[in-house]
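[1] Provide a 3D model corresponding to the input given below.
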Amino acid sequence: RLMTEAPYFSIKGVEYKGQISFSNFPVSLSKISMAEKNIDGKNCIALTFNIAVTVAQGKVSGNTTILLSAYYDKPPGSTSDGRWQFYKVKILDVTIHAEFSNLTVDGTIIFMEDDPVYGKAFYGSVAIKYADKFKITSTAMFGSAEFRYWYIDARIDLRVAISVVGPFMLNGFGGGVYSKMSKAPKGSKLPYVPDETASFGVKALVAYVVAKGDLMFEMCFNSTGGVKYIAFYGSAEIVAGGGALGGIVSKLNAVNDASLKATAVVNSDKIASGKIQDVASSTDVGSKPASNIFAYVGIQYNFETSTLEATSEVFINLGVLKGSGPNNRAGWMELHISPEKWYCYAGTPEDRLGIVLNLSVVRLQTGSYFMVGTEMPTFPDPPANVVRILGPKLYPLKSNVNEGSLKTGAGFAFGVDLGLSANINFLILYANMSAGVGGDLMLRQYPDAHCEGSADPLGINSWYANGRVYVYLEGEIGVKVDLSFIHAKIPLING
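    Numbering: from 1, shown residues only. Next up, the predicted model:
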């Protein structure tokens, strides 16, 4: 934006996403952006860019992100125009990659200043891999907000496992220590966040081979020397390449392949492979050729708040058989017990447990949930297919309970559903069909509620139940017209 007064222009933000190379020089620029930014209390124009360097025939490379800043300097009370002054250069991060014979080194350094969570901090990580023998990874962070904090952890993974008891073998070890920090909430960019109430903490980890996974124990102490919380984390991955499970999966995949060849139809409803969320060992199920089942669990008890929390998720990717949730998630559970409230959710009406069997022309999906505790949701709507078929005249069915004002009722709820859809193409004919069956039940206590015009408690001793069972079937059969001058589907039967 141009202006007639000093500083004469301002930039909200501009970015160049391409890459600039310099002829035969092994240097390139990328992620170039310019924007207004407050730096050390000054309103600056900041130019940020990434420099990448590659040498030794690509075996040694590195890149860094640099910020250059300037500000408009006009002394207070001055009648003359000010001038733009260069302020400072900041290195935001540095990464390196190097390969020397059988040795591979990867490193990252991040510098933080005035971060809303970490204040001023230094974060570094390094991974060293020697051929297929072992891999060492380590991270560290040192910083200060209104107090100083730090953490260091390391892990070593071995190619040859160490036998412990029977089939149980260890192929990795790890541990860490930290001060004035505690476990970061889910979704944070780093594993720990500053916590002035914490003193120090320790954790230990082992990686096992029975079903590939990790086990980790962590303990954090508060500033008075007592235990702040203890936690246990575990993950496991099962490769379904053999045995009974592997045989079933192979047969299902064979049926799917045969169906594809027979119909020559591309099924657009197949669930795309995805990456498991960044938890536990961050196992990338979707990109692996082998079939996988992955699960993790986390349990933590906070002594200061007398709160027990646990969470768990299971992901399934077995080719034609996958979890129906995000990233092939088949199930999840969340437990919370504290003096104020408690609940246990194994799925919810909006985020159900379930699996999908996708056999080219036929798709079968299951869903279920179970909830109990002092915090319950309102009674769920039926599936969108049911609502659409019933139409506005028949749905919603009016209830004599105002659920919107009764969200505090304790109780339990569960629901199940089964859906089937088919998309069949044969010569010039096509057929689409979907069917489903399911039900929901919710029992809740409303101690202070009553029916309009009555002072008597609602339901039976303040307990009120909602329930429904539904079945639906719809489909269409028709003829496909696929000519050079017309492409259409002509329905013959639908309902």
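
[2] Now do the strands in the stretch 351-495 of the chain.
    Secondary structure of the stretch 351-495 of the chain (DSSP state E, counting those that start in this stretch): strands located at 355-359, 362-373, 410-426, 429-445, 463-482, 487-494.

[3] These: which one's closest to A184?
    strand 362-373 (25.6 Å; CB to CB). The way it works is simple: take the backbone N, C-alpha and C, and place the C-beta from them, glycine included.

[4] can you list the residues that contact the closest one?
    Strand 362-373 has contacts (CB atoms under 8 Å, 6 or more residues apart in numbering) with 259, 267, 269, 324, 336, 341-349, 351-357, 377, 410-423, 438.

[5] Report all helices and strands that the helix or strand where A46 lies contacts.
    Using DSSP states H and E, A46 sits within strand 42-55. If contacts are counted by 3 or more CB pairs under 8 Å, 6 or more residues apart in numbering; DSSP states H and E, strand 42-55 sits against strand 25-39, strand 60-73, strand 83-100.

[6] Next, format these as a markdown table and append mean neighbour count.
    Converted to a markdown table, the helices and strands packed on strand 42-55 look like this (neighbours: other CB atoms under 10 Å):
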| stretch | mean neighbour count |
| --- | --- |
| strand 25-39 | 14 |
| strand 60-73 | 17 |
| strand 83-100 | 14 |
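
[7] Tabulate these in a markdown table, adding columns for mean pLDDT and distance to E237.
    Shown next, in a markdown table, are the helices and strands packed on strand 42-55 (pLDDT from 0 to 100; distance: least, CB to CB, whole Å):
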| stretch | mean pLDDT | distance to E237 |
| --- | --- | --- |
| strand 25-39 | 83 | 35 |
| strand 60-73 | 88 | 31 |
| strand 83-100 | 88 | 27 |
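
[8] got any ranges where the stretch 201-350 of the chain has weak pLDDT?
    Regions of the stretch 201-350 of the chain meeting the criterion pLDDT under 70 cover residues 208-212, 239-291.

[9] And for the closest residue to P382 other than its chain neighbours, the neighbour number?
    Nearest residue to P382, sequence neighbours excluded (CB to CB, 6 or more residues apart in numbering): Y470, at 5.3 Å. The local packing of Y470 (other CB atoms under 10 Å) involves 17 other residues.

[10] you'd agree Y470 is up against P383?
    Yes: taking contacts as CB atoms under 8 Å, Y470 lies within contact range of P383: 7.5 Å.

[11] Need the residues touching each of those two.
    With CB under 8 Å, 6+ apart, Y470 and P383 have common neighbours 436, 438.

[12] how near is D73 to Q85?
    Separation of D73 from Q85 (CB to CB, to the nearest Å): 4 Å.

[13] do D417 as well
    Taken as CB to CB, the span from D417 to Q85 is 66 Å.

[14] do the same with G373
    G373 is 60 Å from Q85, by CB to CB.

[15] and what of G459?
    Between G459 and Q85 the distance is 73 Å, computed by CB to CB.

[16] Same check on A140?
    Per CB to CB, A140 is found 36 Å from Q85.

[17] go on, K228?
    In terms of CB to CB, K228 sits 47 Å off from Q85.

[18] Ok, W332 next?
    54 Å.

[19] now Y430
    Counting by CB to CB, the separation of Y430 from Q85 is 71 Å.

[20] in the protein, which spans are helices?
    Ranges of helices in the chain, per DSSP state H, are 243-263, 384-394.

[21] And the last one, what does it pack against?
    Helices and strands touching helix 384-394, as assessed by 3+ CB pairs under 8 Å, 6+ apart, comprise strand 429-445, strand 463-482.
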